[in-house]
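# here is the input, now give the coordinates:
(chains A and B)
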Number of protein chains: 2
Amino acid sequence: MIHRSSLLNPKNFREICKKSRFSSHKTADRGDFGRLEDKDLSAFERICGSNNVLKDDLDPYNIDFVKWYKGKSSCVLTPESSEQISALLRHCHDRKLAICPQAGNTGLVGGSVPVHDEVIISIKKLRTHYNLDQNSGILECDAGFVLQELDEKLAQDGFMMPIDLGAKGSCLIGGNIATNAGGVRLVRYGSLNANVLSLQVAIPDAQGTLLQLGAPLRKDNSDLKLQQLFIGSEGQLGLITRCAILVPPKPKSVQLAFLGTKSFADCCAVLRACKKMLGEILSSFELMDSESMRCVQENVALESVLDSKPAFNLLIETSGSNPDHDAEKMENLLSHCMDTGLATDGVMAQSGKDSELFWKIRENASLALNLDGEVIRDRLKGSKAKRVVTFGHLGDGNSHLNVTAEQFDQEVYDRLYPFIYDWTASHNGSISAEHGIGRLKRTHHHKLVDKTKQAINSEIKKAFDPKGILSPYKMID
Amino acid sequence: MIHRSSLLNPKNFREICKKSRFSSHKTADRGDFGRLEDKDLSAFERICGSNNVLKDDLDPYNIDFVKWYKGKSSCVLTPESSEQISALLRHCHDRKLAICPQAGNTGLVGGSVPVHDEVIISIKKLRTHYNLDQNSGILECDAGFVLQELDEKLAQDGFMMPIDLGAKGSCLIGGNIATNAGGVRLVRYGSLNANVLSLQVAIPDAQGTLLQLGAPLRKDNSDLKLQQLFIGSEGQLGLITRCAILVPPKPKSVQLAFLGTKSFADCCAVLRACKKMLGEILSSFELMDSESMRCVQENVALESVLDSKPAFNLLIETSGSNPDHDAEKMENLLSHCMDTGLATDGVMAQSGKDSELFWKIRENASLALNLDGEVIRDRLKGSKAKRVVTFGHLGDGNSHLNVTAEQFDQEVYDRLYPFIYDWTASHNGSISAEHGIGRLKRTHHHKLVDKTKQAINSEIKKAFDPKGILSPYKMID
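Just a heads-up that it's a prediction; the model follows:
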């Protein structure tokens, strides 16, 4: 099973909010959470200083990355330490104020913005502690660092982050962990379950307890691994304030190639060949179909590097410790693919500039689709679906299916939903390979998850968050 | 931080049971669990057949691997399917009968045998389902397969298990997962948190519910990752009945070398050199000090392969996809270590027979110490500690410190406990890097773990096991 649906571009379906048959797209009741009063604002100011209690111009915090959801929070807090977060949670617990934790606000399923008037607690100013142990390759740092920034700091000591994704310039490591972000190098370095060793979290109990979960060690079997539960918990259990991550050495040699193929079956055959011939140096295997390549060309003005305009484009990366050995392996692979006719066309990056361009093409696939929406809305013409494209992480067995339309079209919508979720489920796929549940997929999640498991999820949430004030209306009831 | 204590050989301290200051070594109260009656045995026979309800010759199930603990169970169940396990748990829940889940019974901390008269449920006959998806490299199988057996089955299709340890010939994969076994190749393939994708578990609630946790996919962010919670849960939450594991391709080339060094600092320097020069092909980095090598020679009659009798012996393994490249990398490393004087002596395995011998030496380190105990008891002489040895997984930052004595000696004991736990904690180490908590380390675990976290652990246990009948008296209260 290689082909998975994990995202339907929500921006182009924003009208669905009004018309959907799914209650997840309707707004859940606000519930009996406390209402923010002046005394709360004063308490927040006492805890983290008035410069960290924002009341105006909150759109960047209330509106999600794909601009589908808009919350109504009137207060954003930007604490500067774990202890401040603990005190804020203590206060919110006491007053039963609902909280929306927020990191880089780059999520694609509406998980990072409020639904009603939740107080937003941003972790973006948690960025003091940074310590790399070069013997063990373990990085301990605060949760508010930007992913790319960490990667650049590590590079100075010959290490790298084990995770990389398009949003790296603005997503925060705490958010990556809370959403179990996957990205383009999981095929080599593994998931965050593999690499996150310990977490410091603040939970919204009566004390706003700061918990140290796990230890910054590669092996530690001295307790239940609660830190693993926080990976992908989407801010439902606590706020991640600090983390310890296993970071690999930065490779001495990196190679990048674009290959064109005629069919999806050939893509899978190339993947099998890569696993055999590149073996341990394969670090990325990314797919873009011809439609997503065309979309990048039209909307971001990046030219394809393959002349043949193939049905499928594969971006293949290797990372290794010996440039000569790595080059030989890659050349063997490319010869094999061309000689056997698996690839119709291929080109290797010859310079850092080439590599940058190759990755830019792949990373702009998502952005280009959003621009597609913008361009289309200007045209004002009602019609059917405009594009059906797929791109993503074939090496890990997941792909991003996107459908864009000139404007919302009920017929297109009805053909897709709930067909796409049912089809995915019937093929033993996941309705969310890597973007999570958030608000977008809440109802589907609830439909698919076993009732006993839902009850266990709720009990677990209650153990960390007794009043249910953290990220209400989202994944867990 | 590289040097960790993770095990004090309990066999040689079996007298501690009687004299210990730690309540973990005393027997906990039996509590108000139901008492096994004839009607229970009849129900068990109806559920899984009379041949799977054992009442005689139960010592192999009641006594742990290191023969320190002996439970008093009068009934061992060996169900043959998940459904039978579910029905057994339903019955035990109804009657509030305490249960001791058991896999290969190879654990080293007394976690796998009963404390009182718990009913033992063995998973060893869960061995029907086996399915390998060669495209994705995902193995789905029942939990009762022996680790080595799985590795051999996978080898037929060019794959291997990502985990390997000395007990591989008798430990079961379900037990490996329940104890988060580490072993000798974690440095390359990562922990079970990295490789276990999904679990089927049976929980002891009113229905004996079978839960599917996660999906056999490399990426799946569609729920809380409860499967991660079961990895290392030591049978406290439910019985693991089936699993999906990511299995790597079997390497085309494997190389093995023993290196001798003068000091522990030189061992660390060799490790850093290996990470740089062997990079992605390093698959094992194991340490044996001179005492553990001598112990193997004396008790298992295996000769060291290094003439110089060095202070430290390092076993270094590479696994890769290109024999020429791999040999060149290994040769470069060995030259570097000899030229710089980091290594005093070195030898590479030249044949499969050599490799077998090299690994046999390392894997017998633990067994040899147990024999040490046997030999010593025969001598009947009371005296002080006989050996202090360390061996283990330096590449992962953990090592097995073992102290043997001719017989139990209070003075030796008092010098060690609680000093060793305090010392480890003060150096930010783990009191159990890979062997778990079980019964042996329960009190220390409870002393070290934050009270709020203990309460959360208990709430989580309650969510899966409402009557607390699974593995009572062990890790979680």
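
# what lies in contact with stretch A:444-457?
A:22, A:24, A:418, A:421, A:425, A:431-432, A:437, A:475-477, B:203, B:205, B:207, B:209, B:211-213, B:222-224, B:226, B:463-464 (Cβ atoms under 8 Å, 6 or more residues apart in numbering or on different chains). For every residue, glycine as well, the C-beta is placed using N, CA and C.

# nearest spatial neighbour of residue A:80, skipping sequence neighbours?
Distance criterion Cβ to Cβ, 6 or more residues apart in numbering or on different chains; nearest residue to residue A:80, sequence neighbours excluded, is residue A:125 at 4.6 Å.

# OK, contacts around that neighbour?
A:52, A:78, A:79, A:80, A:144.

# would you agree the first one is in contact with residue A:77?
Yes: Residue A:52 lies in contact with residue A:77 (Cβ atoms under 8 Å); the separation is 6.2 Å.

# so which helix or strand takes in the residue nearest to residue A:206 when sequence neighbours are not counted?
Nearest residue to residue A:206, sequence neighbours excluded (Cβ to Cβ, 6+ apart): residue A:93, at 5.7 Å. Using DSSP states H and E, residue A:93 maps to helix A:82-95.

# just want to know which of residue A:52 and residue A:77 has more residues nearby.
residue A:77 (23 against 18; other Cβ atoms under 10 Å in any protein chain shown).

# roughly how far does that one sit from chain B?
Distance from residue A:77 to chain B, counting by Cβ to the nearest Cβ, to the nearest Å: 23 Å.

# please apply the same query to residue A:299.
Distance from residue A:299 to chain B, by Cβ to the nearest Cβ: 27 Å.

# work out for me the element that residue sits within.
Assigned by DSSP H and E, residue A:299 falls in helix A:290-300.

# now the next helix or strand along the chain from that helix against helix A:290-300, angle please.
From helix A:290-300 onward toward the C-terminus, using DSSP H and E, the following helix or strand is strand A:312-320. Angle between the axes of strand A:312-320 and helix A:290-300 is 80 degrees (criterion: axes from the mean of the first three to the mean of the last three Cα atoms, to 10 degrees).

# quick one: distance of strand A:312-320 to the chain centre.
With Cα atoms, centre = their mean, to the nearest Å as the basis, strand A:312-320 stands 21 Å off its chain's centre.

# moving C-terminal from that strand, which element do we reach first?
Next along from strand A:312-320, by DSSP H and E: helix A:323-339.

# buried stuff in that following helix?
A:325, A:326, A:329, A:330, A:333, A:334, A:336, A:337 (16 or more other Cβ atoms under 10 Å in any protein chain shown).

# quick one: the residue lying farthest from the centre of chain A from residue A:133, how far?
Largest separation from the mean C-alpha position in chain A: residue A:339, at 37.6 Å (Cα atoms, centre = their mean). Look at residue A:339 and residue A:133: by Cβ to Cβ, to the nearest Å, they are 46 Å apart.

# with residue A:91 instead?
35 Å.

# more neighbours: which of the two?
residue A:91 (19 against 14).

# give me the nearest residue to that one, chain neighbours excluded.
residue A:43 is the one closest to residue A:91 (Cβ to Cβ, 6+ apart), at 5.2 Å.

# what pLDDT does the residue nearest the centre of chain A get?
Central residue of chain A (Cα atoms, centre = their mean): residue A:181, 4.1 Å from the mean position. The confidence metric pLDDT takes the value 91 at residue A:181.

# please report how far the residue nearest to it when sequence neighbours are not counted lies from chain B.
Once flanking residues are discounted, residue A:181 sits nearest to residue A:165: 5.8 Å by Cβ to Cβ, 6+ apart. When distance is defined by Cβ to the nearest Cβ, residue A:165 is 12 Å away from chain B.
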